[in-house]
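> what would the 3D arrangement of this be:
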Amino acid sequence: MPRQCAICGKTYSRTIKRSHSMRASIVRLKPNLQYSVFNGKRVKACTRCIKSKSKTK
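Below is the predicted model:
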């Protein structure tokens, strides 16, 4: 199962990390996924989705 939000579909993003000598290395920024219960099912959701769903209740 990929690291992907079950609600919004957010996945990793790529960026360039620069060292002091300006050497470039590509890093992956992973989403903050947590297990949560939505509609009676346990799913991996990002914290932004969990926060917005708790406000709508």
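> grab the CA positions of the lowest-mean-pLDDT helix or strand in the chain and hand them over as CSV.
Every helix and strand in the chain was compared by mean pLDDT, DSSP states H and E; the lowest is helix 47-56, with a mean of 86. Taking Å, rounded to 0.1, in the frame of the first residue of the first chain, the C-alpha atoms of helix 47-56 are listed here in CSV:
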residue,chain,number,x,y,z
THR,A,47,-3.5,15.2,9.4
ARG,A,48,-5.1,18.0,7.4
CYS,A,49,-8.0,15.7,6.3
ILE,A,50,-8.4,14.4,9.9
LYS,A,51,-8.5,18.0,11.2
SER,A,52,-11.0,19.2,8.7
LYS,A,53,-13.3,16.2,9.1
SER,A,54,-13.4,16.7,12.9
LYS,A,55,-14.5,20.3,12.4
THR,A,56,-17.5,19.3,10.2
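> gap between that helix and the chain center?
Relative to the chain's own centre, helix 47-56 is displaced by 13 Å; criterion: C-alpha atoms, centre = their mean, to the nearest Å.
> for that helix, packing partners?
strand 33-38 (3 or more C-beta pairs under 8 Å, 6 or more residues apart in numbering; DSSP states H and E). Just so you know, the C-beta spots here come from the backbone N, C-alpha and C atoms, and that holds for glycine as well.
> again, only this time at 10 Å
Counting contacts by 3 or more C-beta pairs under 10 Å, 6 or more residues apart in numbering; DSSP states H and E, helix 47-56 is packed against strand 33-38, strand 41-46.
> how close does the residue positioned nearest the centre of the chain get to residue 14?
When C-alpha atoms, centre = their mean is applied to the chain, the residue found nearest the centroid is residue 31 (1.9 Å). Using C-beta to C-beta, to the nearest Å, we find residue 31 at a distance of 13 Å from residue 14.
> could you do residue 5 as well?
17 Å.
> that older thread, tell me the buried residues in the least confident helix or strand of the chain?
Under the neighbour-count criterion of 16 or more other C-beta atoms under 10 Å, helix 47-56 has 49-50 buried.
> next, the angle from it to strand 41-46.
120 degrees (axes from the mean of the first three to the mean of the last three C-alpha atoms, to 10 degrees).
> give me the contacts around helix 47-56.
The contact list for helix 47-56, computed with C-beta atoms under 10 Å, 6 or more residues apart in numbering, reads 5-10, 31-36, 38, 43, 45-46.
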